[in-house]
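**Student:** below are the sequence and a predicted model for it; my questions follow.
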Amino acid sequence: MNCITCIEYIIVGVMMISAILAVEWRDLLAATVGMAAVSLFASLLFFMLQAPDVAMTEAAIGAALSGAIFIFAIKRTQRFETEEEEKPGWWVRW
């Protein structure tokens, strides 16, 4: 296994951690940043797989535009979810 393959596995691992954190965070703005981080790491992975056009599109639309739309929507609503009762984690809700 060469160094590039190790870096690709690390990027995929960070993408999975960012996706789990984006789902689990109660703060909607932090979850939006987590979602944008997944998209940003995906664009980095596309660039490493020699698809620069797909990488630029993913970075522009996936990270920047979608993140901006979610941030504008959060600013017009409440930032935090209401916590009537403590709900179990995502692994229990399945």
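**Tutor:** Thanks, I have the structure now. Given the structure is predicted, the values throughout are model-derived calculations rather than measurements.
**Student:** how about the contacts made by the spatially most central residue of the chain?
**Tutor:** By CA atoms, centre = their mean, the chain has its centre lying nearest to Met35, at 2.3 Å. Applying CB atoms under 8 Å, 6 or more residues apart in numbering to Met35 gives the contacts 18-19, 22, 66-67, 70. Using the backbone N, CA and C atoms, a C-beta is placed for each residue, glycine as well.
**Student:** please redo it, this time with the cut-off set to 10 Å
**Tutor:** The neighbourhood of Met35, defined by CB atoms under 10 Å, 6 or more residues apart in numbering, consists of 18-19, 21-23, 62-63, 66-67, 70.
**Student:** now it: how far from Ile71?
**Tutor:** Between Met35 and Ile71 the computed distance is 11 Å (CB to CB, to the nearest Å).
**Student:** do the same with Val12
**Tutor:** Val12 is 26 Å from Ile71, where distance means CB to CB.
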